[in-house]
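J.: Got a predicted structure plus its sequence, pasted below:
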Amino acid sequence: MKPGPRNLITDVAGLRVGNVADATLKSGVTALICDAPVTAGCQVLGGAPGTRETDLLEAHNSVQEIHGLALSGGSAFGLDAASGVQAFLKESGKGFTLGPHVIPIVPAAILFDLINGGDKDWGRYPPYREMGHAAAAAAAADFDLGSVGAGAGALTATCKGGLGSASVVTDSGITIGALVAANPVGAVTIGTTRHFWAAPFEIAGEYGGLGLPNPYPNDASDLRLKFRDMLREGGHTTIGVIATDARLDKAGAKRLAISAHAGYARAIWPSHTPLDGDLVFGLATGGSGIVPEGDVMIDLMALAAATMSRAIARAIYEATAAPGDLLPAWRDSA
């Protein structure tokens, strides 16, 4: 197995991603645009989620497909980003039709980046709706990682967070891709080292090739060392998307999202805390025509977790320093 040609979620054909950020605000929006409607599910395991249109993704509810997603900073204010993405899709004629109306379905999730050194004095209305529209308009197969989009103001317990992505093509010909804005309460590196918790899943040195530390540090599981300062500053959250070109129904898409949460647990220590709103959207385009069964389904779920872990590590690896940062970028740390 190897990454797709871009090592991005857009290796799943029919998906495009756009990013917009404001350096003064230290926040931004990432839009995922579907060229055709896709089957979707969602799983929330964090204790402080901020979401829009997630209930409709449950298998027992009527809407079967979505047209885009919005990932945003800004805490609850950032949910406005979905309105901007929805407006862009409506202008493009994408959505389901009801009489004369076109209604794009755009679920969304937000992360907490209000206390990160940026200027959040935006006046009466926050800027996220317009940022969502701009991110959707910028959506393309190739996009940047690190301190961009919804990851522009992200932090971890020890260094800057960011936006990450990764992909893999299975032996059966299925493509899996992950997209994540990593802003956790916990740490992505082991103890006080620069080694990533996600090291066992790395492919071709995509986040530095450091492997696991040897000897293993005594402080690897020292929770207070890692996130004591973050606990004083409120919630955080990692929000992501796991996508495949396999054919899945809504229940299968949710199962894919559940499996990808294991990628959070393998890349972040601790994950899914009461102060994180950890969420994963699961998407299935069906483009490969493959209906995964038996061992193929098991492989799909296992690789969903591994690919998400890689995307999280790449988010932190690609983050870059900016004026006013509260924490260093990983690449600048000792």
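T.: Cool, got the structure.
J.: Who are the packing partners of the lengthiest helix in the chain?
T.: Identified as the longest helix of the chain according to DSSP state H is helix 295-317. Applying 3 or more CB pairs under 8 Å, 6 or more residues apart in numbering; DSSP states H and E, we find helix 295-317 packed against strand 162-169, strand 175-182, strand 239-244, helix 250-267. Yep, even glycine has a C-beta here, placed from its N, CA and C like the rest.
J.: what's the distance between Arg247 and Arg129?
T.: 34 Å (CB to CB, to the nearest Å).
J.: who's more crowded, the two?
T.: A side-by-side neighbour count of Arg247 and Arg129, using other CB atoms under 10 Å, places Arg129 first with 23 against 17.
J.: how about low-confidence regions in this protein?
T.: 223-235, 334 (pLDDT under 70).
J.: in it, which spans are strands?
T.: Under the criterion DSSP state E, strands of the chain are mapped to 15-22, 27-44, 51-52, 65-72, 96-98, 101-103, 108-110, 162-169, 175-182, 239-244, 279-284.
J.: Partner strands of the third one and their direction?
T.: When you say that, I think you mean strand 51-52. strand 108-110 (antiparallel) (DSSP bridges).
J.: Could you double-check that Trp280 lies in contact with Ala260?
T.: Check again: residue 280 is Val, not Trp. Yes - Val280 lies in contact with Ala260 (CB atoms under 8 Å); the separation is 4.6 Å.
J.: was I right about Gly84 contacting Pro126?
T.: No - taking contacts as CB under 8 Å, Gly84 lies outside contact range of Pro126: 11.2 Å.
J.: quick revisit: list the residues that contact both of Val280 and Ala260?
T.: Here Val280 and Ala260 have Gly240, Ile242, Met308 as joint contacts, going by CB atoms under 8 Å, 6 or more residues apart in numbering.
J.: Which residue, other than its chain neighbours, is closest to the first one?
T.: In this structure, Gly240 finds its nearest non-sequential neighbour in Val180, 3.6 Å apart by CB to CB, 6 or more residues apart in numbering.
J.: Quickly list what the one you found is bridged to.
T.: Assigned bridge partners for Val180, using DSSP bridges, are Gly164, Gly240.
J.: and the gap between it and Ser72?
T.: Val180 sits at a distance of 13 Å from Ser72 (criterion: CB to CB).
J.: for Leu279, same thing?
T.: From Leu279 to Ser72 the distance is 12 Å (CB to CB).
J.: what residues are shared contacts of those two?
T.: Listed as contacting both Leu279 and Ser72 by CB under 8 Å, 6+ apart are Ala109.
J.: Of the two, which one has the most company?
T.: Just comparing Leu279 and Ser72: by other CB under 10 Å the higher neighbour count belongs to Ser72, 36 against 27.
J.: Report the contact partners of that one.
T.: Ser72 sits next to 27-30, 78-82, 108-111, 128, 131-132, 150 when contact means CB under 8 Å, 6+ apart.
J.: next one: Ala138
T.: Contacts of Ala138 (CB under 8 Å, 6+ apart): Gly18, Asn19, Val20, Ala31.
J.: And for the first one, the neighbour number?
T.: What that stands for is Gly18. 22.
J.: right, and it touches Thr30 too?
T.: Yes - using CB under 8 Å, Gly18 is in contact with Thr30, at 7.2 Å.
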